[in-house]
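Asks: A predicted structure for the sequence below; I have some questions about it.
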Amino acid sequence: MVPESWPPSARSQLLELLKRADESLTDELAVAWNGEVHEWRSERSGQPIQTMSVTKSVVGLVVGRLLTLGKLKSIDVPVHTFFAEWRQGSSLHQ
């Protein structure tokens, strides 16, 4: 459940986080540690979960980071620029 390679303090903090996630009926939890992503699912998790507003938050963080790295010229760049399949039905076919 908890990676053996983690130091004891991180392991105890993760166990507390997993306990709180279970108490709050969290279905899934992902933690990034030393460049690796670790995922946990509750026993309740068996169907797709709704990410709702968390998706907007993550996208906002990614867009901000891309802007600061100079990988994105502006927040006004249309998403279909990166995902051609999103151009369907658009008057912006190019």
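Replies: All right, it came through fine. Numbering: from 1, shown residues only.
Asks: I'd like the distance between residue 32 and residue 10.
Replies: Going from residue 32 to residue 10 by Cβ to Cβ, to the nearest Å gives 12 Å. For every residue, glycine as well, the C-beta is placed using N, CA and C.
Asks: if you could redo that for residue 21, that was the one I meant.
Replies: Distance, residue 21 to residue 10, by Cβ to Cβ: 16 Å.
Asks: is the residue nearest to the spatial centre of the chain in a helix, a strand, or coil?
Replies: In the chain, the residue lying closest to the centroid (Cα atoms, centre = their mean) is residue 58, at 5.9 Å. Following DSSP: H, G, I helix; E, B strand; the rest coil, we place residue 58 in the helix state.
Asks: pLDDT score for it?
Replies: Listed pLDDT for residue 58 reads 85.
Asks: how close does it get to residue 64?
Replies: Applying Cβ to Cβ to residue 58 and residue 64 gives a distance of 11 Å.
Asks: do residue 75 as well
Replies: Using Cβ to Cβ, residue 75 is found at 9 Å from residue 64.
Asks: with residue 13 instead?
Replies: Distance of residue 13 to residue 64, given as Cβ to Cβ: 27 Å.
Asks: before we move on, what about residue 78?
Replies: 18 Å.
Asks: can you give me the neighbour number for residue 38?
Replies: A count of neighbours around residue 38, defined by other Cβ atoms under 10 Å, yields 14.
Asks: so residue 30 lies in a strand, does it not?
Replies: Yes: the assignment for residue 30 by three-state DSSP puts it in a strand.
Asks: surely it meets residue 38?
Replies: Yes: if you go by Cβ atoms under 8 Å, residue 30 and residue 38 touch, sitting 7.0 Å apart.
Asks: got the domain ranges for this structure?
Replies: As given by automatic domain parsing, the domain ranges for the chain are 1-47, 50-94.
Asks: would you mind finding the most buried of these?
Replies: domain 1-47 (a mean of 12; mean count of other Cβ atoms under 10 Å).
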